[in-house]
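> only the shape, not the letters, is given here:
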């Protein structure tokens, strides 16, 4: 794999950003929290962004710092 070979890197990642976002949303559900303002930094920012994109009704606001799109 060469630097910047995103498809190869994604194929090697068994636990995706969506998996992590689903885990975060599942935790909110388990805690009885229907909606939450979410913040994340670095990889946490990518996870928070994925949460907001996949479930916008549950994440009314997002604060992402020192992060990228993950793509």
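Now that the structure is in, tell me what you want to look at. Just so you know, these numbers come straight off a predicted model, no measurement behind them.
> roughly how far does the residue nearest the centre of the chain sit from residue 8?
Closest residue to the average C-alpha location of the chain: residue 47 at 1.7 Å, with Cα atoms, centre = their mean. Applying Cβ to Cβ, to the nearest Å, the value for residue 47 to residue 8 is 21 Å. (Each C-beta comes from the backbone N, C-alpha and C, glycine too.)
> again, but for residue 67
For residue 67 relative to residue 8 (Cβ to Cβ), the value is 22 Å.
> what's the answer for residue 27, then?
31 Å.
> surely residue 23 is in a helix?
Yes - the assignment for residue 23 is a helix, going by DSSP: H, G, I helix; E, B strand; the rest coil.
> what sits against residue 48?
21, 24, 38, 39, 40, 59, 62, 63, 64 (Cβ atoms under 8 Å, 6 or more residues apart in numbering).
> Three-state assignment for residue 39, please.
strand.
> now the strands for this protein?
Secondary structure of the chain (DSSP state E): strands at 38-41, 62-65.
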